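[1] sequence below, structure please.
(2 chains)
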Amino acid sequence: MPTLEATIHQLLSEALQKAYNLSRDHILIEQPKDKTNGDYSSNLAMTLAKELRNNPFVIAETIKEHIELPEMFDRVEVARPGFINFYVSKDYFTGIIPEVLAQQETFGNSKTGNQQKINIEFVSVNPTGSMHVGHARGAAAGDSMARIMKKAGFDVTKEFYVNDGGNQIHNLALSINARYHQLFDKALDMPEDGYHGPEIIDLAQSIKAEHGEKFILENGYDYFRDYGVEFLLNGIKDDLKAFDVDFDVYFSERTLYEQGEVEKTLQILKDQGYTYKQDDALFLKTSLFGDEKDRVIIKRDGTYTYLMPDIAYHQNKLSRGFDKLIDILGGDHHGYIPRLKASIQMLGGQEDTLSIDILQMVKVLKEGSEVKMSKRSGKAITLRDLIDDVGKDAIRYFFSKHSLNTHMDLDLDLAIKKSTDNPVYYAQYAHARIHSLFDKASEQGYSVDETLKAYTHLTHEHAQDILKLLLNYQNVVEEAATKRIPHKITNYVHELAGALHSFYSAVPILKGDATHIVEHLNLLKATQIVLKDALYLIGVSAPRSM
RNA sequence: GUUCCGGUAGCUCAGCAGGAUAGAGCAACAGCCUCCUAAGCUGUAGGUCAGGGGUUCAAAUCCCCUCCGGAACGCCA
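    As a prediction, this is how the structure comes out:
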């Protein structure tokens, strides 16, 4: 059915035309917080007051007189200082139930994305250690965003960039070498920028188990490097899987060198005249596209900076035909945005071809003081530990609750101690509660009737609240997708669960005559379908019992 | 010094393409299970929306300034 917003927009446009011979493209229609102000409301009259040099209240009245109100509305009223409020008739909302039952988990799907090809890159943590808490926020955000955008009709590819080619991998090989030698009581200091995490010791032990002292006798550098990357990347993939995050593509930085794409991209930049040599280094003129200064892409020692292969990587993404690239980066990388966006434009992209969403940092507190998340020091709290101690669903819900640019504090002791009253259970409980009611109903011989079209008993305030939320689901999905704000979905989940709990408490669901009960069951079924789908969008499971 | 975030109830945070009496969770207080799962419901209390100016019929929301907190300002990645 057409959205009520669209219908009201149409009514107001026509009335405005008749009353004042005016037309407006944008007419704001919103749902008032206070139900006494109607189900939908418009400020149209107030926006016209100046132009028409008249009292907005009078204008609103005039518009109202020209509205031909369809049956789905009870009435329309004007309120001070000039709101036009629409009251929907109670029967109308129940029309959403058969729709949800028919469409199941595709309910709320939207065509907004127009099947635009989107590449969304996130996590992309270096394979030099385990994933820690800070990475988890990016994983949760990127994965949820991808799921939501898919539902909103975008063609989404989730991608992980594996930094297996740069200097940090050199340091990794040296770190493994040192740990390996230490296993044979040969004192070898860790390199200056080495990785001190315990997983590197595990890694060395694993090599020792397989090859004994082979690499004491011969140089193991190449082997350590390749084995280390593979070992750690597999660990990261395992952790992601446990976090319910998966990727369509793991893209290796090293292949960019092997395929000559770095050189090719460099040549394009040179050919276009975007480079120049200075102090024996090669600079890229990123300042032409809004960066505060030009950036070095080849250092004086002849090696590339991080930027150069990253440009080649984005060029590769563009060559695969994506309409839009989205990178999700941590707040500590915000300074990197202008140079990367500038580079994209040099390669023929538009200003908005690449969007970089910044995720503010997570401050982790343990025993009252901050734990710095650094792989070099090896002291970080790993994602794996967190999943074991707090639970996947609780963590994903926690991250998904907050907007991307909120600076978050995560108190570990509190999170572990209070894991049982995490708000995630509020939502999951609502889902389980419905399921339990179905069991009870079936014992009494009742079940959902998907052929039922007419509803007459769902007039309770709390039932109406649920119906309105169901009606809003698609709008919420669209807004979350286009604004890229996954936490909008979490807020919705919380509201829907709350409406369900209130309804449950206020109305005896399995009491009364048969039609009554079946209408209730249908309402619950629709609620359960949407609740489960919305939870899926934020990567949280919907248990049948708790 | 420059740039990017944030500052909303005791705490953690929503709300910010301007709208009607600023919300939720936790914590506090008072009620609700002979009745479908009390991981729930209902109610009370709690706010100078950091501060100051401006735009507007209307500002937590938009603009400017100041203060406080976080982050970044590499030929590191």
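
[2] does any bit of the helix ranked longest in chain A sit next to RNA strand B?
    Scanning chain A for the helix with the most residues, using DSSP state H, yields helix A:514-537. No. Between helix A:514-537 and RNA strand B, judged by C-beta under 7 Å from any atom of the strand, nothing touches; the nearest distance is 8.4 Å. C-betas here are computed from N, CA, C, even on glycine.

[3] and that helix, which residues are buried?
    Using 16 or more other C-beta atoms under 10 Å as the test for burial, helix A:514-537 gives A:516-537.

[4] what pLDDT, on average, does it get?
    Across helix A:514-537, pLDDT averages out at 97.

[5] and it, what does it pack against?
    Under the contact criterion of 3 or more C-beta pairs under 8 Å, 6 or more residues apart in numbering; DSSP states H and E, helix A:514-537 touches helix A:96-103, helix A:133-151, helix A:424-443, helix A:461-482, helix A:487-506.

[6] now with 6 Å?
    helix A:96-103, helix A:424-443, helix A:461-482, helix A:487-506 (3 or more C-beta pairs under 6 Å, 6 or more residues apart in numbering; DSSP states H and E).

[7] how about those, which one is nearest residue A:23?
    With distances scored as C-beta to C-beta, the stretch of the helices and strands packed on helix A:514-537 nearest to residue A:23 is helix A:461-482 (24.2 Å).

[8] from the contact counts, what lies against that closest one?
    Looks like helix A:461-482 contacts helix A:96-103, helix A:133-151, helix A:487-506, helix A:514-537 (3+ C-beta pairs under 6 Å, 6+ apart).

[9] lowest-pLDDT helix or strand in chain A?
    Comparing every helix and strand of chain A by mean pLDDT, DSSP states H and E singles out helix A:412-417 as the least confident one, with a mean of 78.

[10] what residue ranges in chain A score low on pLDDT?
    A:1-2, A:418-419 (pLDDT under 70).

[11] now the residue nearest the centre of it: closest residue in space, sequence neighbours ignored.
    With distances taken as C-alpha atoms, centre = their mean, residue A:145 lies nearest the centre of chain A, 2.7 Å away. Once flanking residues are discounted, residue A:145 sits nearest to residue A:486: 5.3 Å by C-beta to C-beta, 6 or more residues apart in numbering.

[12] residues contacting the one you found?
    Listed by C-beta atoms under 6 Å, 6 or more residues apart in numbering, the contact partners of residue A:486 are A:144-145, A:148, A:400, A:480.

[13] can you rerun that using 7 Å?
    Neighbour list for residue A:486: A:141, A:144-145, A:148, A:400, A:480, A:538 [criterion: C-beta atoms under 7 Å, 6 or more residues apart in numbering].

[14] repeat for residue A:309
    A:165, A:253, A:256, A:262.

[15] closest one of these to residue A:38?
    Of all the contacts of residue A:309, residue A:253 has the smallest distance to residue A:38: 56.5 Å, by C-beta to C-beta.

[16] please name the nearest non-neighbouring residue to that closest one.
    With C-beta to C-beta, 6+ apart as the criterion, residue A:253 has its nearest non-adjacent residue at 3.9 Å, and that residue is residue A:165.

[17] one more: residue A:525?
    residue A:448 is the one closest to residue A:525 (C-beta to C-beta, 6+ apart), at 4.7 Å.

[18] and residue A:393, by the same measure?
    Spatially, and ignoring its direct neighbours in sequence, residue A:393 is nearest to residue A:540 (4.7 Å; C-beta to C-beta, 6+ apart).
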